[in-house]
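Asker: my questions concern the predicted model and sequence given below.
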Amino acid sequence: MKRFLLIITILGAVCWCRAQQPSDTLVFAFLADTHIGAGTSVEDLTQCVADINAQSQIQFVVVAGDITEFGSDDELAQAKEILSKLNIPWYIIPGNHDTKWSESGCNTFNRIFGASGFSFTSHGILFAGSNSGPNMRMGNAQVPREDLVWLDSLIQATPKEMPVIYIVHNPMDHSLANWDQVFDILKRGNIVLTMGGHWHSNTFQINDGVPSILGRATISGNRGTGYNIVKIEPKSRYFGIYQRIAGTQTEANPWSNFILKDVDLSIAPSRPDYSFNDDYKNVEVIWQFQDSGDIGSGFAFDGSRIFYATAPGIIKAVSIADGSPLWAFKTEGRIYSFPCYRDGKVVCASTDGNVYCIEASSGQLIWKYQTEKGIVACPVVENDDVYIGSSCGKFYALDFRMGAEKWIFADVRNFIEARPRVDDEKVYIGSWGNEFYALNRRDGSLVWKWINGPNRNLSAAANFPVEAFGKIFITTPERITRALDKQTGAVIWEDRNTQGRESQGLSPDKKTLYIKTMLTNELVGLDAQSDTCRVLWRCKLPDDVNMDLAPAEILANGNAIFIPSSVGKVYAVSRDGRRVLWARKISNTTINHVLPFSENTVVASTMDGRVVCMRYR
């Protein structure tokens, strides 16, 4: 689809070069943050669409992300139904709400709307829009690698003098993890403006010398249901943006106006800061590589090979010695599932709806099992059983040797993302429907379920549960850690002071529960044996992070605890929690997983597709 868009845009650019630049005013409607599925969003967007249709001067519509509240298939379909009533062309991109909580692994947006980006020319201006994630894993926004490649090709094919307006949901400031890479591409062309949403308010910024407009949400509030109207005079390059409350008159004065100037290449570009690494000389990178695709999942390990999967849908094996590629297995969907290794086999799932079992040595398919919908969840293998949830509201137990179905629990509310925890009797897993389940291992019957209130954004769904001393531990997005009774699901204790979001882990001896705080950049050790929340220690991590959102698993080996972050840093803390042993910034995006595979070596993957092996003293 992006190749088709690129060809159309190139043809439009060629036509622009051959024709005289038009002098009539360009007028378009700019919408953002429609959040279908929340509150009065359906009525609000419906009213905005009718209001746009009643105005003959509007030539097209741009919708700048967060189309839905939860990225569900039903919400996306409802948004498409409303927007399809527009009687002029409209162009759309996803926002973080459409991609982070996507039951389809971000596939449904493309299926319903045709693509997650757009490009077209109007009045001598190139308009280009792209996805900015984060795709499935919580963290800072990030333009996916495939979108960067597309954008680069588009800019190269566009006449150098043609003004470019780039639309992306998140602000083009440092909250976009790879802002520098995006600006590097845009400044090869004539970028004059970026536009987005996310903040729900009309805002003007200047980022890296480029003006930026963030538009209000359509959803009603104190301002009423509304959107913005943009007017551009091509000859003078005057830009004005006006708020309009649906059903009334457009405000007479623009809330922002300026002249669209050619890109100023004399302004030095800003870059992520890696000087942090100078403070830690006792850790070194022994090998690393940049994958051709983003990575949204973790690792499995068999002693000599590391297995991982890419967001574009390829399961791969590389040598632990030097990271050299060994084999690759392509699926028909995107992958956000952590692979699982056991007895010479690798099990991983894809958003094409299949669970795959692959020969670890060769990458050859052994079996696959088709579910009714895409899978973003992670499998676990225990004895001869594979346990995994799907986005079709079901949880499966499969035979590890042949892939045959053993049982299905069909009463999952919403969808499953995480990896289940398994003990001798039960399987434990949470869903994005506020529910956390304990299922009988023998037949899949429900033993108990725990419900976390009405807000599905607070589900124990991205968190990998851990168990010890008769308790299941979960940490949920409202920053509460809970210990549930394994037998009954009753809350033994809950703690709001630790302030972890979804990142937790357990010591090898199971005596200490690790919690990574969201706002204070600490690792906290809790007593897993106690029937009250007892803090054993708190370890301040270096170089404060304003907000760490990574829903990462915390692992430990014999001498250290390894903590991923959402800002590309890996931290290692002593087993007693008293000090930081070392730290390393390897990216500016979310760390998916840090896997220790020897007493002094770890491997980590990042959302922007880096795999890095580090050795420490």
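Answerer: The structure has been received and is ready for your questions.
Asker: from memory N135 sits against S104, does it?
Answerer: No. Contact criterion CB atoms under 8 Å: N135 and S104 do not qualify, at 11.2 Å. Backbone N, C-alpha and C define where each C-beta goes, glycine included.
Asker: what touches both of these two?
Answerer: Residues touching both N135 and S104 (CB atoms under 8 Å, 6 or more residues apart in numbering): there are none.
Asker: where does the stretch 201-350 of the chain dip in pLDDT?
Answerer: Where the stretch 201-350 of the chain drops to pLDDT under 70, the residues are 222.
Asker: would you map the strands across it?
Answerer: Under the criterion DSSP state E, counting those that start in this stretch, the stretch 201-350 of the chain contains strands at 203-207, 210-214, 226-233, 238-245, 256-259, 283-290, 300-301, 305-309, 314-319, 325-330, 340-342, 345-349.
Asker: nearest to V580, out of those strands?
Answerer: strand 283-290 (11.1 Å; CB to CB).
Asker: ok, that closest one: who's next to it in the sheet?
Answerer: Partners of strand 283-290 in the sheet, by DSSP bridges, are strand 610-616 (antiparallel).
Asker: for the strand it pairs with, what is the average pLDDT?
Answerer: On average, the pLDDT along strand 610-616 is 97.
Asker: circling back to that earlier point, so which of the strands of the stretch 201-350 of the chain is nearest Q78?
Answerer: strand 226-233 (18.3 Å).
Asker: between the closest one and strand 210-214, how big is the angle?
Answerer: Computed with axes from the mean of the first three to the mean of the last three CA atoms, to 10 degrees, the direction of strand 226-233 lies at 150 degrees from that of strand 210-214.
Asker: and strand 226-233, what does it pack against?
Answerer: With contacts defined as 3 or more CB pairs under 8 Å, 6 or more residues apart in numbering; DSSP states H and E, strand 226-233 has these neighbours: strand 26-31, helix 41-53, strand 238-245.
Asker: turn those into TSV, including distance to M162.
Answerer: Listed next are the helices and strands packed on strand 226-233 as TSV, based on distance: least, CB to CB, whole Å:
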stretch	distance to M162
strand 26-31	14
helix 41-53	27
strand 238-245	16
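Asker: wait, which of the ones you listed is closest to C348?
Answerer: Of all the helices and strands packed on strand 226-233, helix 41-53 comes closest under CB to CB, at 35.7 Å.
Asker: where does this structure dip in pLDDT?
Answerer: 1-23, 222, 544.
Asker: show me how it divides into domains.
Answerer: According to automatic domain parsing, the chain comprises the domains 2-259, 275-616.
Asker: ok, which of the ones you listed comes nearest A268?
Answerer: domain 2-259 (8.8 Å).
Asker: now do the helices in the chain.
Answerer: For the chain, applying DSSP state H gives helices covering 2-18, 41-53, 73-83, 96-99, 107-113, 145-156, 179-186.
Asker: the fifth one - contacts with which helices or strands?
Answerer: Meaning helix 107-113. Helix 107-113 packs on helix 73-83, going by 3+ CB pairs under 8 Å, 6+ apart.
Asker: which helices and strands sit right next to the helix it packs on?
Answerer: Using 3+ CB pairs under 8 Å, 6+ apart: helix 73-83 touches helix 41-53, helix 107-113.
Asker: identify all contacting residues around it.
Answerer: By CB under 8 Å, 6+ apart, the surrounding residues in contact with helix 73-83 are 34, 36-37, 42, 45-46, 49, 63, 67-69, 90, 92, 98, 103-104, 108-109, 112-113.
Asker: ok so, going back, adding distance to R216, write the helices of the chain out as CSV.
Answerer: Formatted as CSV, the helices of the chain follow (distance: least, CB to CB, whole Å):
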stretch, distance to R216
helix 2-18, 27
helix 41-53, 11
helix 73-83, 18
helix 96-99, 16
helix 107-113, 22
helix 145-156, 25
helix 179-186, 22
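Asker: nearest to D278, out of these?
Answerer: helix 179-186 (19.8 Å).
Asker: can I get that closest one in CSV, CA atoms only?
Answerer: Provided in CSV are the C-alpha atoms of helix 179-186 (Å, rounded to 0.1, in the frame of the first residue of the first chain):
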residue,chain,number,x,y,z
TRP,A,179,12.6,12.4,16.6
ASP,A,180,16.2,12.9,15.4
GLN,A,181,15.9,10.2,12.7
VAL,A,182,12.6,11.6,11.5
PHE,A,183,13.9,15.2,11.2
ASP,A,184,17.1,13.9,9.4
ILE,A,185,14.8,12.5,6.7
LEU,A,186,12.4,15.5,6.6
